[in-house]
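>>> requesting a structural model of the entry that follows:
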Amino acid sequence: MVLQGIADPKRIAIVGWSYGGYAALLSAAEQPALYKGVVAIAPVTDLGMLKREADDFTNGRIVRNFVGSGPDVVEGSPLRRAVDIKAPVLLFHGDLDGNVNVAHSDRMVAALRKAGDQAELVRFRGLDHQIDDSDARTQMLTKIGTFLDNLIGH
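Numbering: from 1, shown residues only. Have a look, this model is predicted:
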């Protein structure tokens, strides 16, 4: 899109929810110079942690097989690649998320800050993966808009 003149390379950010949040973070680690900002909502950040969390559930074997093993588990985990992410990161997560434990975002923001990156986590009390509350969604979308406007303008 940059080559076609559709996108300004100085104004590219990435936003994703759930798997999309995981993909946004991993994309920022893979191409640190490309993105000027990252927003991740309820993202998986550590594939190893995801596998361990599934151990106590009936789908544990399915999750372990799906995620796999070996070096890809580390290389495919944004948490393990926080030092590679250079853009400011804004995370959102419900603290009752049963799909992706909020610990993924807690640890991600801590790793980003330790790496010297600008990172913020907004935790929504009493909300799950869908953040199914109009006030919370309004707050989230407003904060995303401000975040992106400050980074890339409009």
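>>> from here on, just use CA atoms for contacts and neighbour counts.
Noted.
>>> which stretches of this protein form strands?
Taking DSSP state E as the test, the strands found in the chain are 13-17, 37-41, 89-94, 119-124.
>>> and the first one with strand 37-41, angle?
Same thing as strand 13-17. Inter-element angle recorded for strand 13-17 and strand 37-41: 0 degrees (by axes from the mean of the first three to the mean of the last three C-alpha atoms, to 10 degrees).
>>> okay, the lowest-mean-pLDDT helix or strand in the chain in PDB with CA atoms only?
The weakest-scoring helix or strand in the chain, judged by mean pLDDT, DSSP states H and E, is helix 60-67 (a mean of 75). C-alpha atoms of helix 60-67 as PDB (Å, rounded to 0.1, in the frame of the first residue of the first chain):
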ATOM      1  CA  GLY A  60      -5.600 -29.100  26.700                       C
ATOM      2  CA  ARG A  61      -4.300 -31.600  24.300                       C
ATOM      3  CA  ILE A  62      -5.900 -29.800  21.300                       C
ATOM      4  CA  VAL A  63      -4.300 -26.500  22.400                       C
ATOM      5  CA  ARG A  64      -0.900 -28.100  22.900                       C
ATOM      6  CA  ASN A  65      -1.000 -29.700  19.400                       C
ATOM      7  CA  PHE A  66      -2.300 -26.500  17.800                       C
ATOM      8  CA  VAL A  67       0.400 -24.300  19.300                       C
END
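>>> what is that helix packed up against?
Helices and strands touching helix 60-67, by 3 or more C-alpha pairs under 8 Å, 6 or more residues apart in numbering; DSSP states H and E, are helix 47-54.
>>> can you pull the buried residues of the helix it packs on?
The neighbour-count check on helix 47-54 (16 or more other C-alpha atoms under 10 Å) flags 47-48, 50-51 as buried.
>>> any idea of the angle it forms with helix 60-67?
Going by the same axes, to 10 degrees, helix 47-54 makes 170 degrees with helix 60-67.
>>> contact partners of helix 47-54?
44, 60-61, 63-64, 67, 73-74, 76-77, 100 (C-alpha atoms under 8 Å, 6 or more residues apart in numbering).
>>> tell me how far that helix is from the chain's mean position?
Centroid separation between helix 47-54 and its chain, computed with C-alpha atoms, centre = their mean, to the nearest Å, is 16 Å.
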